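In: Can you look at this prediction? I've put the sequence above it.
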Amino acid sequence: MKEIYLKVYIILLNYNGWVDTIECLENVLRIDYPNYQVIVVDNNSPNNSMEYIKAWAEGKLDVWVNPNNPLRKLSFPPVQKPIPYVFYSKEEAERGGNPEIEKQFINPMIFIQTGYNGGFAFGNNVAIKYALAKKDAECVLLLNNDTVVEKDFLNKLVEVSQADKKIGITGCKIYYYDNPSKIWFNGGKFNEWTGRAVHIQKEINKEVSECNFITGCCMLIKREVLEKVGLLDESYFMYVEDLDYSYKTIKSGYKLAVAHNSIIWHKVGASGEGEISEFSAYWIMRSRIRFVIENFHIAKKISALSFITFTRLIKFIEYLIKGRKDIIFAQLKGIKDAKR
């Protein structure tokens, strides 16, 4: 009996990161899952990212990324070019593209230019709308453009996702790209009383386990979840939108699971100018406070905001000692702006 593979739309969001995106594409196009389509969304990068990505697909541009990193072997030698693609504007994509053009190719990549940097949720939502307009889309995979993956990572994600109809979102085990044996994410824990979400960063001797938070770095979402829960909340711009979506998915009656044998590596901080930066400090704090205000009833809201205030005071002392007043001011601004 022939095995049936669900159609998965893999979404990569790019903003000024065309070099990382190309390495990711070189890698993703090697996976052994037989039924997927890649969508690359660009949020109007000022560095002409989409033109570079097009040139790469056409075989006009060679990109050698991190030649000394041991993970380079996952993306080398380059896949055969040219690679067929269809290019859409935001409006064209959200209407489901042009099937007549697409059927001229065998599984073309879909390139979308949004024309505006509306943030992580905004860019991904454009691609999700395109995928949902396709009747064959059974799952959507949000995958950071600064990742590389094991060849069988998607097989194992889909296997876990389909093993239980109550699983709405499935995540994987994620290692640091620059420290390939160190775990960055192996499940997430969220506490409503503190408003704190943390990554599990240890080995778990199971093929699958449940959790209550999945990072948007790699998030396999079933179509029925997208239709019931809706799209990502674009008001966050960046950070915490994955926690928000995880939370809403659980509240809608679904479970979250991690496929611990599904493995990828992540260039942590590439989209936020480093793991700790003024940019990330502002947006994480703004989004975190907003999430608490929007989602919690009074008791948990007071508890979580009190916890955040106490821990910030301690961290501010640490930042002062390190001479990082910029981080303090960024977080204070994030707290103020979250209340608007």
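Out: Right, received. Where do you want to start? Everything numeric here is computed off the predicted structure, so don't read it as measured data.
In: low-scoring pLDDT stretches of the chain, where are they?
Out: 1-4, 65, 269-275, 340 (pLDDT under 70).
In: And the top helix by length along it, what does it pack against?
Out: With residue count as the measure and DSSP state H as the assignment, the chain has helix 298-321 as its longest helix. Counting contacts by 3 or more C-beta pairs under 8 Å, 6 or more residues apart in numbering; DSSP states H and E, helix 298-321 is packed against strand 196-199, helix 278-295, helix 325-338. In short, each C-beta sits where N, CA and C put it, glycine included.
In: repeat that for 10 Å
Out: The contact analysis (3 or more C-beta pairs under 10 Å, 6 or more residues apart in numbering; DSSP states H and E) places helix 298-321 against strand 188-191, strand 196-199, helix 278-295, helix 325-338.
In: which residues are in contact with that helix?
Out: The contact list for helix 298-321 (C-beta atoms under 10 Å, 6 or more residues apart in numbering) reads 191-196, 276, 281, 285, 288-289, 291-296, 324-332, 335.
In: Report the buried members of those residues.
Out: 192, 194-195, 281, 285, 288-289, 291-292, 295-296, 324, 327-328, 330-331, 335 (16 or more other C-beta atoms under 10 Å).
In: residues in contact with Ile263?
Out: Contacts for Ile263 were tallied using C-beta under 10 Å, 6+ apart; they are 149-153, 156, 172-175, 183, 186, 218.
In: Apart from its chain neighbours, what residue comes closest to it?
Out: Beyond its immediate neighbours in the sequence, the residue positioned closest to Ile263 (C-beta to C-beta, 6 or more residues apart in numbering) is Glu150, lying 4.5 Å away.
In: Also Gly119?
Out: Computed as C-beta to C-beta, 6+ apart, the closest residue to Gly119 that is not its neighbour in sequence is Phe237, at 3.6 Å.
In: Now do the phi/psi pair for that neighbour.
Out: phi 60, psi -60 (degrees, to the nearest 10).
In: any idea where the helices of this structure begin and end?
Out: With DSSP H as the definition, the chain shows helices at residue ranges 18-28, 49-57, 90-94, 99-102, 120-133, 153-163, 223-229, 241-251, 278-295, 298-321, 325-338.
In: Nearest to Ile10, out of the ones you listed?
Out: Taking C-beta to C-beta as the criterion, helix 18-28 is the member of the helices of the chain that comes nearest to Ile10, at 6.4 Å.
In: Taking helix 153-163 as reference, get the angle to that closest one.
Out: On the basis of axes from the mean of the first three to the mean of the last three C-alpha atoms, to 10 degrees, helix 18-28 is oriented at 70 degrees to helix 153-163.
In: What is helix 18-28 packed up against?
Out: strand 8-14, strand 36-42, helix 49-57, strand 139-143, strand 147-149, strand 255-266.
In: I'd like those laid out as JSON lines, including distance to Ala163.
Out: JSON lines is the format used below for the helices and strands packed on helix 18-28 (distance: least, C-beta to C-beta, whole Å):
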{"stretch": "strand 8-14", "distance to Ala163": "16"}
{"stretch": "strand 36-42", "distance to Ala163": "19"}
{"stretch": "helix 49-57", "distance to Ala163": "35"}
{"stretch": "strand 139-143", "distance to Ala163": "13"}
{"stretch": "strand 147-149", "distance to Ala163": "20"}
{"stretch": "strand 255-266", "distance to Ala163": "8"}
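In: To Gly115, which of these lies closest?
Out: Gly115 lies closest to strand 36-42 among the helices and strands packed on helix 18-28, at 9.2 Å (C-beta to C-beta).
In: got the angle for the closest one vs helix 120-133?
Out: With the same axes, to 10 degrees defining the directions, strand 36-42 sits at 140 degrees from helix 120-133.
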